[in-house]
Every structure is written in C-alpha cells, then in structure tokens.
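Asker: Build me a structure from this.
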Amino acid sequence: MPKIHLCFLWHMHQPFYKDLASGEYRLPWTRMHALKDYYGMVKILEEFPTVRQTFNLVPSMIVQVEEYARGEANDPLLHLALKPAEDLTDDDKSRILRNFFFANPDRMIRRFPRYAEIHDAWRQQDQSGIARGVFGPQEFRDLQILSQLAWFDEEYLDKDPEVIALVNKERGYSLEDQALMGRKQREICAAVIPQYRKLAATGQVEISTTPFYHPILPLLCDTDIASVAHPGVPLPPRFRYPEDARLQLTRAYTYIQDTFGVAPAGLWPSEGSVSDEALTLAADVGFRWAATDNGVLARTLNQNAGTDQTYKTYLWQQNSRSLGMIFRDHLLSDLIGFVYSGMNPQDAANDFLRRIRENCASILARGEDAMVPVILDGENAWEYYERGGRPFFRALYGGIEADPAMEAITVSEAHSRLKATPLSHIAPGSWINANFDIWLGAEEDNKSWRFLLAAREAYEAHADKVSEAQRNQAMEEILISEGSDWNWWYGPEHSTDQAVEFDQLYREHLANVYRALNLAPPAELSKPIIEIHHEEPLHEPLGPISPTVNGTVDSYFEWLGAGVIRVDARQGSMHGKRVLVKEVHYGADAQAVALRVDFAETPEALNGLEVRVTLNGADSQILLHPGGATTQSGSATAAFGRILEITLPTTLQNNELAITFWQEGLPLEAIPRNGTLRITAARH
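Answerer: As a prediction, this is how the structure comes out:
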C-alpha cells in the first residue's frame, strides 16, 4: 500500500554572539534557547519511538552551547542574573530592566504571576530608569530568577523537583534560590548534546548541518549571482571567495562528525540558499543531500511547484557530481511557524494532519508514495505556543503514530526509499522569495559587503606577514563576519530592538580581522552601518574661535560661539557599554579647525584611548595618557587635561570632519554617528 512519508527538519540556529577579542557574549540568545528548546525538542521524541526526525544543527551555535555547558561562557547578562540583588549598582539595575523582559508577555511572562506583576509595574514607570521607590532588592531578585525560569524547558518545569520548587515558591526568592537557578542553567545546557547523541545512535534522529557560521553560500561563491535570482538588484563590489564557502562546509562536516559521532549526510544551506556552484562544493565535501524551499523548485522547473512536484525526492546531477534534494512545503511549514500557536493544540494538530492527507490523496490514489517535507526554525516559534509547544507536539506526534498510512522518517530514509526525479541544475535563490534580497541590494546590505570585502582583501595582502596564530585568528573573524545574520537586520525588511547591538558586534568582528593582522582598522568601522533615525542635538557655530590648546577651559569666552554636539548616551551604550563622550564643541577661524571633547569619564579612566580625527580626508591619531596627549600621526595639536582640545590647520573655507574613539583596536564611538560634520571657517 502507498504511504505518506512525513519528513520534519527542525533548524536549530543562533548567530555567533561571542566577541573573540574580549571573550564576552554580547547577546544571550544561544543560552536562552538552549534552556528552552534545544534539549526538549528532541527529548520529547522518546515518548513517540516510531516518530523519526531530522535536526539541523548549526556548528557555531553548538560551539556556544558547549561553552555554556562547561561554565566557561562570559555572559554579562547571566552574571547580572546571578549577582546578589543587594550589590546591584544603578547601572546594573538599568541593564536588568532593559533586558530581562525580552519574553513573550502572554505565554511566558504571564505564566508566572510575580513576573507579570513586576513587568506591569515596570511598564508604569519610566522604562529607561531604575524604578526608584518601586523596586527594592527583593523585587530585583524575584525578577532575576523569574526572567530565567520563564525560559526553562518544559521537561524541567514539569519534572525536575528543584525547578518545580522554585516555580511554586512564586516570590520572595533567596540568594540560595538564585544560586540554584544558575546551577540548573548549566545543567540544562550540558544535557543538550548528549540527548542528540543518544537519539542519533538509535536512528530516531538524523543530524544534518549548515555551513559553520551560517553564511549564504551562493553569495560567498559570487555575489553577482544575486542578479540571476533578481535581475536589476543593486550589487555591491563583487565578493568571490568560493574557497571560504568550501571551508565553511568542510569545518561544519568535520565538527558534526567529531561532536556527535556520525558524519552528517544532509545539509540545510543557510536560509535554504542554493546555486549550482554551492551544491557542487557540498557534494565535493561529502554531503549526500541538501534541502531548500519549493519556491526555488518552481523557478528551477519554470512552473508552479504544487504537491505533485513538492512531495517527491530529487537528484541534482552536474559535472559528475550528485546530491539528493528535497523542497519544503512552504505553506505547511509556515502554518506551524506562524499560525498554529494561536489555536488549541489538538485542533492545530488535527488541522495539520488533515491538510497532509488531503494534499496526498491524489498521489496515493495513483499507487505512489508521497514524501511531505516540513522544514522550519526549530526554536523561535515555541515562545508563542502554550507551554513551549509541547501540547501541540504531543497531539501531532500521537496523531502520526495512530495513522497506519503515515510515517515520520528522516530525510536520508526518504532518499533511500523513494525513487528520485533527476535535476540538471538548480535555480539560485533562498527560501525567501527564491532570491537573495534579504542579504544584498539595500544600501546598508551593500555597505556591509563592501566592508567585508575590504577585510578579506586585507587578509590576502597581509596574512603572510603575521604569525600562524594571528593568521588563524584573522580568518576566524572573517568566517564569523560572513554569517548571514548580520545582514538579516540590515536593509528595510526586518527590525529588532537589538539591531544596534548586532551592527556593533558585526563591525567589531571586522575590526578584529585588522587587529590580528597588525593593521589599524578603518575609521569607517567606528560608524554604524544601520541607519539610526535620531539626530544628535546640534548647535551650529555662531562665530570664529581661536582657543588655546592646553586641555582646560581658560575662560568663559574661550569657546563662546562654538558649535556643540550633545551626545545621546542611550545611543552610545550597548548593554552597559561605556558612555564615553558628553559633548563636542567645534568651530574654526581662518587658520584652523578647533575641537573640544568633554568626556563622561575621568581622565584616569581614559588612559590609552585613541582619538582619530579625519579632516578633509586626512587622518590624525591622538593617544590619551595621564597628564596629556600624544599626536601619533597627522597635523593635529592636542592637549588633554580635564578636557581634550585639538586644533588642525586648514586654509579651506568649507571643511568636513569626523571623530572616532578607539581602544585596543576596537571602535567605541563616532561623532557624528553618520556622515561627517561640516565646519565653515569663520572670518574675523
């Protein structure tokens, strides 16, 4: 009898949040999803032994999970969650209130009455402050614990006696409770990889993977391929490094084999992004199958890809290479990702299975087997589901086991059981609109590719001039920077409250490439790529100024008439990042442009700070140290005391200026944040 073969592929992925230079995790999402999704999504299958599935694990994510499991991850927000509430500084409290409510209000926050109570109180206050008079140490400790428990896996919330006791306590938590919460986090993270190994060894789970740092492979091979998927799309300067694409694939293949004890047969190319060149590389590395979206299939076949086309396996063949292919059912996958969370779990499961039976009816009637590919994000959807989606999964998997005409199998099993339809080529594209517009074409996207290309070319030119360790470090930063997640947030398509943090981390990775090569990072890396729709308060100069450069304000009149940029501290701060500059005064006379920088920190705290001033395209570098400033290059005259004063000679009437601040080769701040400051030389 013909049968429905249901192939689930759950894609588990988070960007690489660790700054290799500082060792610090800039965002906590790998940890949070390790607590909530990575373990439980595979653990629940033990309740349904005949349901077999494929889990796609991105190596750069698993590397981070391993570090959390060992207790070695330097995660500032985890440190804040574990710090005694009595010892929290005002800055700590502000950071907690900014970051500890990033959870679904209905499904996660309101599940815990005390968490909801604190959340509501916070919303009624000035959210940018520290809720003075409202939150004392007990409120903060309750928030520290409940904000973490809300992300705990259902397996622990339902079955672990210590976690159940924490939840049942509800409020009034102690330091001992706080420590227990921290121990449990490490315990959950440590359970992730062994659980996958366990089910992979039994054959119930197949582990596939993605290029190591989740790059868009076709664009690494050649960014110009984007114009094939979307003719007329604006292209950045051509980036063509197929050797990087091969390295990302090879390292992923080896890492999964070493970590889980079995070589991955399958590949989910990042964002389902494919091209003939990318598939050729995957076949060369040793992968036996790959998957993408049926939108790509439609372009490949030059026709609509209905169920008759989608519900089968394919074999891509080109130049003596071959690779099995499946193409996901876009609609079914999106129903799980975006729709069923709002339904009763049993009703949602019933609807899903009904649709599958109806879609497959005509195929089965012909006496043929049907292969239904359901491929989607395996983590982000569940925070919108009741109890992390577990009631839905139990209803769904139970329904599959109860149907003798339906079987859930791995992708490799589908390829071994079903005859494949040949494909002589693949249309280049991703799972989103069968093109690459998310990652290329918009001004911000193309700027990021330009910065990446410059760093990659710097590596080519200078890698042989540094040690092997430095060379390896520079290449690692390049591979990280090639990840798709940075450009996900550039351009007009997506937004997040943490877009500025993503942008900053991306530019720091690129800056680290130059540092590893003993090169000064370009000043443009100090400026955001992402558009900040906020102008610094700016007052134009009123007249000529000719201050004495000595590091102090000699009189009220010395800077009278100067223009002023007052820096918004919220724009310059990322999760407690240093607030460096309060304001910059600027102006000019007929001979020179003058600058005065008022810092937010004491002179002693600024030791080693590098200030770069670019005037009309010429750079000057100034190093601050206790008792003064040293001009390292350029024509600037500088003095540093209570303030920093700088003059730069110029004979031009109209001048363009930018100031950037660096420490240990990393950009801290740029003024102005976008573009340059125009200064007109005033005449006496």
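Asker: and the next element down the chain from the helix or strand harbouring Thr259?
Answerer: Taking DSSP states H and E as the definition, one finds Thr259 inside helix 242-260. Proceeding N to C from helix 242-260, the next assigned helix or strand is strand 266-267, under DSSP H and E.
Asker: Pull out the buried residues from the helix holding Thr259.
Answerer: 242, 244-256, 259-260 (16 or more other C-beta atoms under 10 Å). C-beta coordinates here come from the backbone N, C-alpha and C atoms, glycine included.
Asker: Farthest pair within those?
Answerer: Within the buried residues of helix 242-260, Pro242 and Phe260 form the most distant pair, 27.2 Å apart (C-beta to C-beta).
Asker: So what touches the helix holding Thr259?
Answerer: 57-59, 62-63, 193, 196-197, 200, 207, 209-213, 215, 217, 220-222, 262-264, 267, 277-278, 281-282, 284-287, 456, 478-479, 482 (C-beta atoms under 8 Å, 6 or more residues apart in numbering).
Asker: Go again with 7 Å.
Answerer: For helix 242-260, the external contacting residues (C-beta atoms under 7 Å, 6 or more residues apart in numbering) are 57, 59, 62, 193, 196-197, 200, 207, 209-213, 215, 217, 220-221, 263-264, 277-278, 281-282, 285-286, 479, 482.
Asker: Please parse this protein into its domains.
Answerer: Following automatic domain parsing, one gets these domains for the chain: 11-202, 443-526, 538-680.
Asker: out of the ones you listed, nearest to Ile363?
Answerer: Ranking the domains of the chain by proximity to Ile363 (C-beta to C-beta) places domain 11-202 first, at 21.0 Å.
Asker: average model confidence for the helix holding Thr259?
Answerer: Averaged across helix 242-260, the pLDDT comes to 98.
Asker: Regarding the protein, what is its longest helix?
Answerer: Longest helix in the chain, counting residues (DSSP state H): helix 175-202.
Asker: Show me what it is packed up against.
Answerer: helix 39-43, helix 59-69, helix 137-149, helix 161-169, strand 205-209, helix 242-260 (3 or more C-beta pairs under 7 Å, 6 or more residues apart in numbering; DSSP states H and E).
Asker: Of all those, which one is nearest Asp91?
Answerer: helix 137-149 (13.1 Å).
Asker: If you count neighbours, what's buried in that closest one?
Answerer: Applying 16+ other C-beta under 10 Å to helix 137-149 flags Glu139, Phe140, Arg141, Asp142, Leu143, Gln144, Ile145, Leu146, Ser147, Gln148, Leu149 as buried.
Asker: The second one and Ala85 touch, don't they?
Answerer: Put plainly, it is Phe140. Yes - using C-beta atoms under 7 Å, Phe140 is in contact with Ala85, at 4.2 Å.
Asker: related to what we said a few turns ago, how about the longest helix of the chain: buried residues?
Answerer: Result for helix 175-202 [16+ other C-beta under 10 Å]: buried residues 177-178, 180-182, 184-186, 188-193, 195-196, 199-200.
Asker: for stretch 512-527, same thing?
Answerer: 512-517, 519-527.
Asker: and Glu656, helix, strand or coil?
Answerer: At Glu656 the chain is in strand, as set by DSSP: H, G, I helix; E, B strand; the rest coil.
Asker: Now for it, how many residues are close by?
Answerer: 14 (other C-beta atoms under 10 Å).
Asker: Let me see the backbone angles for the residue lying closest to it once chain neighbours are set aside.
Answerer: For Glu656, ignoring the flanking residues on the chain, the nearest one in space by C-beta to C-beta, 6 or more residues apart in numbering is Thr676 at 4.2 Å. Here is the backbone geometry of Thr676 (degrees, to the nearest 10): phi -130, psi 160.
Asker: Thr676 touches Leu657, doesn't it?
Answerer: Yes - taking C-beta under 7 Å as the definition, Thr676 is a contact partner of Leu657 at 6.1 Å.
Asker: Give me the more crowded residue out of the two.
Answerer: Leu657 (21 against 16).
Asker: How about the more buried one: which residues does it bridge to?
Answerer: For Leu657, the beta-bridge partners are Leu615, Leu677 (DSSP bridges).
Asker: Tell me the spacing between it and Trp559.
Answerer: Noted for Leu657: a distance of 16 Å to Trp559, by C-beta to C-beta, to the nearest Å.
Asker: Also Ser341?
Answerer: With distances taken as C-beta to C-beta, Ser341 is found 58 Å from Trp559.
Asker: how about whichever strand or helix holds Arg354: buried residues?
Answerer: Assigned by DSSP H and E, Arg354 falls within helix 345-365. For helix 345-365, the neighbour count (16+ other C-beta under 10 Å) marks Pro345, Ala348, Ala349, Phe352, Leu353, Ile356, Asn359, Cys360, Ile363, Leu364 as buried.
Asker: Of those, which pair is most distant in space?
Answerer: Among the buried residues of helix 345-365, Pro345 and Ile363 lie farthest apart (C-beta to C-beta), at 28.0 Å.
Asker: Could you report the pLDDT at Gly665?
Answerer: 68.
Asker: Any figure for the gap between Trp455 and Arg390?
Answerer: Small correction: residue 455 is Ala, not Trp. Distance, Ala455 to Arg390, using C-beta to C-beta: 44 Å.
Asker: wait, Ala499
Answerer: Distance from Ala499 to Arg390, by C-beta to C-beta: 31 Å.
Asker: higher neighbour count, those two?
Answerer: When Ala499 is set against Arg390 and neighbours are counted by other C-beta under 10 Å, the residue ahead is Arg390, at 22 against 17.
Asker: any low-confidence regions in the protein?
Answerer: Within the chain, the ranges that satisfy pLDDT under 70 run 126-133, 532-537, 568-578, 665-667, 673-674, 682-684.
Asker: Apply 80 and report the result again.
Answerer: For the chain, the stretches flagged by pLDDT under 80 are 125-134, 495-497, 531-539, 556-557, 567-579, 626-627, 663-669, 673-675, 681-684.
Asker: And the residue nearest the centre of it?
Answerer: By C-alpha atoms, centre = their mean, the chain has its centre lying nearest to Pro15, at 3.9 Å.
Asker: Give me the distance between the closest residue in space to that residue that isn't next to it in sequence and Ala252.
Answerer: Leaving aside its sequence neighbours, Pro15 sits nearest to Asp485 (C-beta to C-beta, 6+ apart; 3.8 Å). Using C-beta to C-beta, Asp485 is found at 16 Å from Ala252.
Asker: Thought Ser620 was touching Ser633, still the case?
Answerer: Yes - using C-beta under 7 Å, Ser633 is in contact with Ser620, at 6.3 Å.
Asker: which one of these two has more residues nearby?
Answerer: Ser620 (19 against 12).
Asker: ok, back up a step: dump the buried residues of helix 345-365 into JSON lines; add distance to Ala594 as well.
Answerer: Below are the buried residues of helix 345-365 laid out as JSON lines (distance: C-beta to C-beta, whole Å):
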{"residue": "Pro345", "distance to Ala594": "68"}
{"residue": "Ala348", "distance to Ala594": "67"}
{"residue": "Ala349", "distance to Ala594": "70"}
{"residue": "Phe352", "distance to Ala594": "68"}
{"residue": "Leu353", "distance to Ala594": "74"}
{"residue": "Ile356", "distance to Ala594": "72"}
{"residue": "Asn359", "distance to Ala594": "72"}
{"residue": "Cys360", "distance to Ala594": "76"}
{"residue": "Ile363", "distance to Ala594": "78"}
{"residue": "Leu364", "distance to Ala594": "81"}
